[in-house]
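S.K.: Return atomic coordinates for the entry below.
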Amino acid sequence: MKILVVDDEKLLVKGIKYNLEQEGYQVVTAFDGEEAVHLAHDDSIDLILLDLMLPKMDGLTVCRTIRAFSDVPIVMLTAKSEDIDKILGLEYGADDYITKPFNIREVTSRIKAILRRVNPAPKQNDNVMVSGDIVLDYNFRRVTIRDKVIELTGKEFDLLELFLKHPGKVYTRENLLDIAWGFDYPGDVRTVDVHIRRLREKVEDNPAEPEFIRTKWGVGYYYKKD
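M.R.: This is a model prediction of the structure:
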């Protein structure tokens, strides 16, 4: 698989590139935002590690620009620890974030986890789940609503799949964070709210009054039974 690493710290990029190649990944690099957007048009890119602070175009703008034409998983790298930077990254379409300084093993572990979710092992049976107008195809990680393809990120797909498998079951935000992001995920429950809002914007006719993904006030979220 091919990973695009974007950071203006060339020594850091060199170290990340070396370690990822040792794990068997093909790595391409960019050192500014404009170059990152150009390289992201390559359909063979499987994941992007994207620094927040970049010359020519900052990481948030790069993320938003890429999201306009691609749903490739994006992991933000940020030296800032403020929650607002992390939330902004998710708002702009990032799937995950890692705060500098980091252990390279953490980076490779996150990458492996995300790529496993985005490219799961093919299933032999029950490859399609249907719930009303929503059709979820496991083989292609694709969702259609009334025959229209809906472009979802990896996390959005995972959340929708969970809801469809357990209609009517109410999940707290903590539940969803543990299931979809893992027990060791360092983020907080606002991450869930951001992804639920983005998912509603894609699958609901009126996100302000959702038909499918409902809120159980004071508890969490659930999927309306057929």
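S.K.: Give me the phi and psi for residue 112.
M.R.: phi -60, psi -40 (degrees, to the nearest 10).
S.K.: what's the domain layout of the protein?
M.R.: Domains of the chain are assigned by automatic domain parsing as 2-118, 128-223.
S.K.: Mean neighbour count for these - can I get that in TSV?
M.R.: In short, each C-beta sits where N, CA and C put it, glycine included. Putting these into TSV (neighbours: other CB atoms under 10 Å) gives the following:
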stretch	mean neighbour count
domain 2-118	17
domain 128-223	16
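S.K.: Rebuild the ones you listed as TSV, extending it with mean pLDDT.
M.R.: What follows is those, written out as TSV (pLDDT from 0 to 100):
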stretch	mean pLDDT
domain 2-118	87
domain 128-223	85
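S.K.: For the protein, which segments count as helices?
M.R.: Using DSSP state H, the helices of the chain run over 10-22, 33-40, 59-67, 83-91, 104-118, 154-165, 173-176, 190-203.
S.K.: what would those look like in JSON lines with distance to residue 224?
M.R.: Shown next, in JSON lines, are these (distance: least, CB to CB, whole Å):
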{"stretch": "helix 10-22", "distance to residue 224": "42"}
{"stretch": "helix 33-40", "distance to residue 224": "36"}
{"stretch": "helix 59-67", "distance to residue 224": "28"}
{"stretch": "helix 83-91", "distance to residue 224": "25"}
{"stretch": "helix 104-118", "distance to residue 224": "24"}
{"stretch": "helix 154-165", "distance to residue 224": "9"}
{"stretch": "helix 173-176", "distance to residue 224": "16"}
{"stretch": "helix 190-203", "distance to residue 224": "12"}
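S.K.: To residue 138, which of the ones you listed lies closest?
M.R.: Across the helices of the chain, residue 138 has its closest neighbour in helix 154-165 (8.1 Å, CB to CB).
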